[in-house]
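A.B. asks: build the 3D model from these lines:
(2 chains)
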Amino acid sequence: MTAKIAVNGVTRIFGRHPRQALDLLKAGHSKDEIFKRTGQTVGVQDASFEVEAGEIFVIMGLSGSGKSTLVRMLNRLIDPTAGEILIDGRDITKLSRADLTELRRRDLGMVFQSFALLPHLRVWENAAFGLEIAGESLKARRDKAQQALDAVGLGAYAESFPRELSGGMQQRVGLARALANEPSVLLMDEAFSALDPLIRTEMQDELLRLQAERQRTIVFISHDLDEAIRIGDRLAIMEGGRIIQVGRPDEILKQPANDYVRSFFRNIDVTKILTAGDIARRDQVTLIRHTGEGPRAAVRQLRERDREFGYVQDGRRRFHGVVSVETLVTAIERHNGSATLDEALLPGIEPVPADLPMDEVLPRIASAPCPLPVVDGQGAYVGAISKTAYLETLGRTR
Amino acid sequence: MEFKLPIGDWADTAVLFLLDHAQWLFDGIDLAVGAVADGVQTALTALPGVALAAIVVLIGLWRNGWRFALFAAAALLVVAGLGMWHQTVDTLALVLTATAIALVVGVPLGIVAARNDRVETVVRPALDLMQTMPAFVYLIPAAMLFGLGRVPGIIATIIFAMPPVVRLTSLGIRQVPHELVEAGLAFGCTPRQLLFKVQMPTALPSIMAGINQTIMLSLSMVVIASMIGAGGVGNEVLRGIQRLDIGLGVEGGLAVVILAILLDRITQSFGTTDTAGRSPRSVLRALLSRRLAAQPKDGAHLSPTHGVTEAG
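C.D. replies: Residues are numbered from 1 along each chain as shown, chains lettered A, B, ... in the order given. Alright, predicted model coming up:
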């Protein structure tokens, strides 16, 4: 799949002499040094990333990290000082004014933090704003605006004025306006940041629902990691105008590029991102269930390794159950020499699937008598999670 | 020996120079302003007084409600009762002419000043000068260049009254929230669309406040302009002053005040956001939708307040 949006080495410098600052930047001087020497501010420095068609790509960073500048370069509300931005393979930094206007009208929608609705227009007229600008007929405008409003659940308020709506509803209008002309790319600049937490979650769900119906390419700016993880297929983390790391949320969480990224994730609820597979360890004794290996051999193995539990799998690594030294010894005594591992399995042990989030693993860990076995989609043994390992994971990321 | 800056001499020379060499320009301005003034005057006096009064009362009813309409009717009766009707209509014509010209020049100037910092830095001190220079000072050159009569009165009024509309147009456009401008651009506005579909409508309350101030200032020039023969109700006040006729002065002053209140309330009503929805188009639409709502099939016209409570 080719990328919908490709950003290559994009830099933006604010000030009167961007060339001078750009040269210093290329020579390896830092942002602060450049500001001290030339008075030019580096907004975004050498940003490169790709956004696949149909994914929600979240750009994260604290205020001043350049994320708003970066998203504004994607529709050239701010022109890049250097670098190229390809949308559908076309370098938009080289477009003429007319082509740029055409691109904005047809392919790019944008949603703003402050909603940016026109106060003198009715809700439907706001939703139809992009269509009006593009010169569509009144009838087409009405129909498409109504469709977009229906899609965000505001069909009944078409005749209201924005000031008569709550913040959440106003942002729905903002979303409807961005969707009305069916753009292939949606830019959302802190779109939900001004809303109450409850409404914010509701809007995130709304966005995910809309996205499930029809996949658009969405570039979403946020400073809220919970939000980023909730809606983002992939994240880019920015600091001081540079992109520090790009990847799926769990990838970044597991291998943060630096302390800044780590600090971002410090207050995040890791139990929602990490799955059973992520924290399972392969340090338990595994026993292969075939004719040769009987309970006696198993007991010996466990005692040698000083373990209480053994994880039984068959020749094809399919998980079979858990035995303990105690159940093995009981089985040997009862059946004498003819006992098999099957007779020593602990009752009621259900393996957890590897993709189960940590927070859902918790109640089962609490009630399990032994470290919880984890299996993959094919039922193969992946590892086990002990109570200690679970707690350590929580402690490590706090 | 005594040194004196010869600025007065320079001004003298400049006006005389203009008189000698640019008379054609002033004749042209004279002609144009005179034509506009004549048009407005003719339009206002072509109607019977009762009809004109009725129009004012109806506008008051539409914009401000029945209380104001009642007040307007009573106030206009007072003006007629004072025997100042014709003078007041003359003054109204003068004020409307001056305001119209001030707007035609001032609003575009304000727009340009808002979009261009360099223009703004030139325009601002010029406006300060126009507003603070005592009005009597430019009566003299106005009279010299245009002669006595209505036109120099109107021109002096324009000079004095134009600054607020320029300033408030510029300010209004500059104060349009940045994200609103970005939204306009992001959806593909051309510069012209941005101005007329985003910036001007959003700045409208500010621009209307400027228009209101311009009208008020031009009313305050009524008496001064009458000194060079602009006529109207200002002339009555002036006569009252010259003859120490307190009664006449008070009567003329009262007519000016009444005109001021009527114009002020009516123009202000166009600038408030609360009534912004009451444009003729939306009044019509409201009437239409009420008729539609009466038909049983129509369920889409929920009241907006209903929605607000639901949203919490």
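
A.B. asks: buried residues, stretch A:316-324. List them.
C.D. replies: Buried residues in stretch A:316-324, counted by 16 or more other C-beta atoms under 10 Å in any protein chain shown: A:317, A:319-324. For every residue, glycine as well, the C-beta is placed using N, CA and C.

A.B. asks: mind listing residues that contact it?
C.D. replies: For stretch A:316-324, the external contacting residues (C-beta atoms under 8 Å, 6 or more residues apart in numbering or on different chains) are A:287, A:289, A:295, A:298, A:308-314, A:341-342, A:344-346, A:349, A:351, A:369-370, A:373, A:375, A:378-381.

A.B. asks: of the residues you listed, buried ones?
C.D. replies: For the contacts of stretch A:316-324, a burial check counting by 16+ other C-beta under 10 Å picks out A:287, A:289, A:295, A:298, A:309-313, A:341, A:344-345, A:349, A:351, A:370, A:373, A:375, A:381.

A.B. asks: hey, what's residue A:85 bridged with?
C.D. replies: On the basis of DSSP bridges, residue A:85 is bridged to residue A:7.

A.B. asks: how far away is it from chain B?
C.D. replies: Separation of residue A:85 from chain B (C-beta to the nearest C-beta, to the nearest Å) stands at 15 Å.

A.B. asks: so what pLDDT did that residue get?
C.D. replies: Residue A:85 carries a pLDDT score of 94 in this model.

A.B. asks: that one is in contact with residue A:10, isn't it?
C.D. replies: Yes. Shown here, residue A:85 and residue A:10 form a contact pair, counting by C-beta atoms under 8 Å, at 6.2 Å.

A.B. asks: overlap in contacts, these two.
C.D. replies: residue A:73.

A.B. asks: so where is chain B shaky, pLDDT-wise?
C.D. replies: B:1, B:272-312 (pLDDT under 70).

A.B. asks: adding pLDDT, write the buried residues of stretch A:316-324 out as TSV.
C.D. replies: Shown next, in TSV, are the buried residues of stretch A:316-324 (pLDDT from 0 to 100):
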residue	pLDDT
A:317	80
A:319	87
A:320	85
A:321	87
A:322	89
A:323	88
A:324	88
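
A.B. asks: ok, these vs residue B:40, which is closest?
C.D. replies: Distance to residue B:40 across the buried residues of stretch A:316-324 (C-beta to C-beta) is lowest for residue A:319, with 94.7 Å.

A.B. asks: residues from chain A in reach of chain B?
C.D. replies: Proximity of chain A to chain B (C-beta under 8 Å from any C-beta of the partner chain) is limited to residues A:72, A:75, A:77, A:101-106, A:108-110, A:112-114, A:116, A:118-121, A:129-130, A:132-134, A:155-161, A:163-166, A:168-169, A:177, A:187.

A.B. asks: re the thing from before, out of the buried residues of stretch A:316-324, which is nearest to chain B?
C.D. replies: Nearest to chain B among the buried residues of stretch A:316-324 is residue A:319, at 49.0 Å by C-beta to the nearest C-beta.

A.B. asks: pretty sure residue B:184 is touching residue B:194, no?
C.D. replies: Yes. Between residue B:184 and residue B:194 a contact is recorded at 4.7 Å, counting by C-beta under 8 Å.

A.B. asks: which one's more surrounded, the two?
C.D. replies: residue B:184 (25 against 19; other C-beta atoms under 10 Å in any protein chain shown).

A.B. asks: measure that one to chain A for me?
C.D. replies: From residue B:184 to chain A the distance is 8 Å (C-beta to the nearest C-beta).

A.B. asks: check which helix or strand that residue maps to.
C.D. replies: helix B:178-186 (DSSP states H and E).

A.B. asks: what does the helix or strand just after that helix contact?
C.D. replies: Moving toward the C-terminus from helix B:178-186, the next helix or strand (DSSP H and E) is helix B:191-193. The contact list for helix B:191-193 (C-beta under 8 Å, 6+ apart) reads A:133, B:184.

A.B. asks: and helix B:191-193, what's buried?
C.D. replies: residue B:193.

A.B. asks: now it, how far from the centre of its chain.
C.D. replies: 26 Å (C-alpha atoms, centre = their mean, to the nearest Å).

A.B. asks: again with stretch A:360-377
C.D. replies: 25 Å.

A.B. asks: so residue A:113 makes contact with residue A:191?
C.D. replies: Yes. Using C-beta under 8 Å, residue A:113 is in contact with residue A:191, at 6.6 Å.

A.B. asks: tabulate the CA atom coordinates of stretch B:155-169 in PDB.
C.D. replies: Listed next in PDB are the C-alpha coordinates belonging to stretch B:155-169 (Å, rounded to 0.1, in the frame of the first residue of the first chain):
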ATOM      1  CA  ILE B 155     -17.600  67.800   3.600                       C
ATOM      2  CA  ALA B 156     -16.700  69.200   7.000                       C
ATOM      3  CA  THR B 157     -19.100  66.700   8.500                       C
ATOM      4  CA  ILE B 158     -17.600  63.800   6.600                       C
ATOM      5  CA  ILE B 159     -14.100  64.700   7.800                       C
ATOM      6  CA  PHE B 160     -15.200  64.800  11.400                       C
ATOM      7  CA  ALA B 161     -17.400  61.800  11.300                       C
ATOM      8  CA  MET B 162     -15.500  59.300   9.200                       C
ATOM      9  CA  PRO B 163     -12.800  58.100  11.600                       C
ATOM     10  CA  PRO B 164     -14.900  55.800  13.800                       C
ATOM     11  CA  VAL B 165     -16.200  53.700  10.900                       C
ATOM     12  CA  VAL B 166     -12.600  53.300   9.500                       C
ATOM     13  CA  ARG B 167     -11.200  52.400  12.900                       C
ATOM     14  CA  LEU B 168     -14.000  50.000  13.900                       C
ATOM     15  CA  THR B 169     -14.000  48.300  10.500                       C
END
